[in-house]
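Colleague: 3D model of this:
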Amino acid sequence: MSELPVAVIGAGPQGLAAAAHLVERGENVVVVERGHGPASAVSEWAHVRLFSAWPELTDAAARRLLEPTGWSAPTSGYPTGAEWVSDYLAPLAEALGERIRYAMTVTGVARQGRDKVVDAGRKSQPFVVHTVDADGNESRLLARAVIDASGTWGLPNPAGADGFPAGGERAASDLITYRIPADVSDLAGSHVVVVGAGHSATHAVLRLSELARRSPGTRITWLLRRGSAAKVFGGGSGDELPERAALGSRARKVIDDGVVDLVTGFRVAEFRRTDEGATIVAEDGRAVTDVGRVVALTGFRPDTGILRELRIDLDPALEAVAGIAGEIDPNIHSCGSVAATGARQLAQPEPGFFIVGAKSYGRAPTFLALTGYEQVRSVAAHLAGDHESAARNELALPETGVCGGSGDFDDNAGSCCSTPATLQIGRTPSIAPGPARSLTLETS
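Modeller: Predicted coordinates for the structure are as follows:
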């Protein structure tokens with residue numbers, strides 16, 4: 001099998017970085033990408049600005065591959081997704097050239113001639129990557145190893161609080177988007193509800209708040225499943241990613257100014273269509289009425305369907321690689337940084353197969369590009385036989401200071417970053433009667 005290539009699934013930031021590391025080590029590599037160009041998922045959120053600065057968004061091996069072409073690494077500023085692609089990812093893909101095969105969707109990965117059950121001769125067989133192109137033509141790629149860097153972008157979580165679509169969610173799909181809207185002008189004058197507590201939801205709320213300020217009659221309601229909003233606003237001065245800290249501070253201000261109505265402890269159970277649009281009903285009976293559009297940004301989950309004939313080990317709760325789950329579990333880790341993880345932690349029961357990047361984190365929301373770059377550096381070293389390099393940890397993540405975690409999901413306990421005080425803020429949104437509950441947030 002030594003003459004077969006390493007197959008990389010996905011030409012996103014981590015997939016391209018993995019290819020760059022393998023090329024640098026003289027390894028044969030083929031990248032399979034479902035889009036018609038590099039980083040197609042990033043291109044779908046091209047309008048969103050990252051909170052990581054340029055030096056944290058480029059990989060070392062990629063820089064070494066690009067610099068002889070005359071490319072210079074951006075050294076300052078916070079790019080949008082479009083800028084990340086045009087100024088780094090697209091040039092990197094061009095440098096990798098014909099190693100990338102576009103418009104090829106992976107439909108499955110297996111051992112040649114062996115389904116999941118068969119032990120005999122399993123380790124001696126190459127991997128088979130099953131693909132289909134844009135015209136429906138099927139093909140197979142033999143590989144000595146496979147790196148799955150396909151991400152989670154294609155499988156957003158539903159608005160329903162129990163992980164399944166809420167009642168009526170599918171029927172109301174024409175009113176719901178699961179992406180940060182690029183153009184919100186058509187929402188002027190309507191009641192827009194954002195569901196979610198992460199950075200994507202915060203981005204959406206801030207974009208919509210600008211619309212509400214300039215377009216009278218526009219109403220924005222932000223629904224959080226948590227009983228407290230403190231963790232939504234991040235670690236403030238304790239966050240070593242200043243743009244992320246600024247994001248939380250801006251969100252706090254639009255709520256404090258009454259531009260956005262915040263509702264906590266709201267777990268979506270049902271969507272009811274009305275003549276005006278929709279009513280969203282929580283598990284406790286409260287309802288947000290007269291809703292014209294919903295932006296549901298409740299995170300993503302990995303699609304492991306293509307891996308069903310491989311022997312893989314995923315955490316039962318996070319669907320993350322089992323070897324790193326303890327480091328990234330939001331039920332346990334609510335503050336600070338997550339240790340970098342390498343080939344040893346990412347190893348699967350199927351030798352030669354690795355899940356990297358956002359997909360390795362499963363449903364955990366704390367992934368950073370820097371972590372992915374360290375993952376692929378270590379994995380590439382392992383596949384090249386440089387086990388000493390693979391075992392090294394060459395990355396120190398910034399102290400995030402961000403309080404996430406879901407251990408206090410049901411209460412208003414203070415975060416580990418501040419001593420909370422509770423106050424009432426904003427206007428009272430249009431909420432039908434249910435169990436009494438004030439709109440609150442925690443501040444230090």
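
Colleague: who's in contact with the residue located most distally from the centre of the chain?
Modeller: Farthest-out residue of the chain from its mean C-alpha position, per CA atoms, centre = their mean: A120, at 37.7 Å. Contact analysis of A120 by CB atoms under 8 Å, 6 or more residues apart in numbering lists R114. Placement of C-beta: from N, CA and C, glycine included.

Colleague: how much space between L208 and G362?
Modeller: L208 sits 29 Å away from G362, going by CB to CB, to the nearest Å.

Colleague: with G217 instead?
Modeller: G217 is 41 Å from G362, by CB to CB.

Colleague: who's more crowded, these two?
Modeller: Between G217 and G362, G362 has the larger neighbour count (other CB atoms under 10 Å), namely 26 against 9.

Colleague: surely the more buried one is in contact with E319?
Modeller: Yes - taking contacts as CB atoms under 8 Å, G362 lies within contact range of E319: 3.6 Å.

Colleague: pull up the overlap in contacts between those two.
Modeller: Common neighbours of G362 and E319 (CB under 8 Å, 6+ apart) are R301, P302.

Colleague: burial count for V42?
Modeller: Neighbour tally, V42, other CB under 10 Å: 21.

Colleague: wait, isn't it in contact with E83?
Modeller: No - at 10.2 Å, V42 and E83 do not qualify as touching, with contact defined as CB under 8 Å.

Colleague: tell me who's in contact with W84.
Modeller: P13, A39, V42, L50, L57.

Colleague: again, but for A347
Modeller: Contacts of A347 by CB under 8 Å, 6+ apart are G323, F354.

Colleague: let's see it at 7 Å
Modeller: Residues counted as contacts of A347 (CB atoms under 7 Å, 6 or more residues apart in numbering) are G323.

Colleague: so K359 sits in a helix?
Modeller: Yes - the assignment for K359 is a helix, going by DSSP: H, G, I helix; E, B strand; the rest coil.

Colleague: setting aside sequence neighbours, what's the nearest residue to it?
Modeller: P302 (4.7 Å; CB to CB, 6 or more residues apart in numbering).

Colleague: give the contact list for the one you found.
Modeller: P302 neighbours (CB under 7 Å, 6+ apart): T152, E319, K359, G362.

Colleague: and it, helix, strand or coil?
Modeller: Counting by three-state DSSP, the backbone at P302 sits in coil.

Colleague: cool, R63 as well?
Modeller: Relying on three-state DSSP, one would call R63 helix.

Colleague: what about it, neighbour count?
Modeller: 15.

Colleague: ok, it - contacts?
Modeller: Taking CB under 7 Å, 6+ apart as the definition, contacts of R63 comprise A73.

Colleague: mind checking how far the residue farthest from the centre of the chain is from R111?
Modeller: Applying CB to CB to A120 and R111 gives a distance of 11 Å.

Colleague: about what we covered before: got a ChimeraX select line for the buried ones in the contacts of P302?
Modeller: Only the buried entries of the contacts of P302 go into this ChimeraX selection, using 16 or more other CB atoms under 10 Å:
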select :152,319,359,362
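
Colleague: and for G196, the neighbour number?
Modeller: Per other CB under 10 Å, the neighbour tally for G196 reads 24.

Colleague: gap between A120 and E283?
Modeller: 50 Å.

Colleague: which residues in the stretch 51-200 of the chain form strands?
Modeller: With DSSP state E, counting those that start in this stretch, the ranges of strands along the stretch 51-200 of the chain come out as 100-101, 104-111, 127-133, 138-143, 145-148, 176-177, 191-195.

Colleague: touching, P91 and L65? I think so.
Modeller: No - counting by CB atoms under 7 Å, P91 sits too far from L65 to count as a contact (9.6 Å).

Colleague: looking at these two, which is more packed in?
Modeller: Neighbours per residue, other CB under 10 Å: of P91 and L65, the larger number sits with L65, 22 against 18.

Colleague: isn't that one right up against A20?
Modeller: Yes - contact criterion CB under 7 Å: L65 and A20 qualify, at 4.9 Å.

Colleague: for the one helix or strand A269 maps to, buried residues please.
Modeller: Per DSSP states H and E: A269 is located in strand 268-274. By neighbour count on 16+ other CB under 10 Å, the buried set for strand 268-274 is V268, A269, E270, F271, R272.

Colleague: can you lay out the residues you listed as JSON lines showing pLDDT?
Modeller: Shown next, in JSON lines, are those (pLDDT from 0 to 100):
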{"residue": "V268", "pLDDT": "98"}
{"residue": "A269", "pLDDT": "98"}
{"residue": "E270", "pLDDT": "98"}
{"residue": "F271", "pLDDT": "98"}
{"residue": "R272", "pLDDT": "97"}
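
Colleague: could you redo the residues you listed as a markdown table and give each row distance to V193?
Modeller: A markdown table is the format used below for the buried residues of strand 268-274 (distance: CB to CB, whole Å):
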| residue | distance to V193 |
| --- | --- |
| V268 | 9 |
| A269 | 14 |
| E270 | 14 |
| F271 | 10 |
| R272 | 13 |
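
Colleague: let me know the closest of the residues you listed to F354.
Modeller: Each of these was checked against F354 using CB to CB; the closest is V268, at 35.6 Å.

Colleague: so what's the closest one bridging to?
Modeller: A282 (DSSP bridges).

Colleague: quick check, it in contact with T279.
Modeller: No - V268 is beyond contact range of T279, at 11.2 Å (criterion: CB under 7 Å).

Colleague: give me the pLDDT for the residue nearest to T105 when sequence neighbours are not counted.
Modeller: The spatially closest residue to T105, leaving aside those adjacent along the chain, is R34, at 4.4 Å (CB to CB, 6+ apart). pLDDT recorded at R34 is 97.

Colleague: what about R34, how many neighbours?
Modeller: Residues lying near R34 (other CB under 10 Å) number 20.

Colleague: tell me who's in contact with P165.
Modeller: Taking CB under 7 Å, 6+ apart as the test, what P165 contacts is P158.

Colleague: give me the distance between it and R286.
Modeller: Counting by CB to CB - P165 and R286 are separated by 19 Å.

Colleague: same check, this time on A369
Modeller: A369 is 38 Å from R286, by CB to CB.

Colleague: could you do V6 as well?
Modeller: Using CB to CB, V6 is found at 52 Å from R286.

Colleague: what do you get for R99?
Modeller: Separation of R99 from R286 (CB to CB) stands at 54 Å.

Colleague: what does V294 give?
Modeller: 16 Å.

Colleague: these two: which has the busier surroundings?
Modeller: Neighbour count, other CB under 10 Å: between V294 and R286, V294 has more, with 26 against 21.
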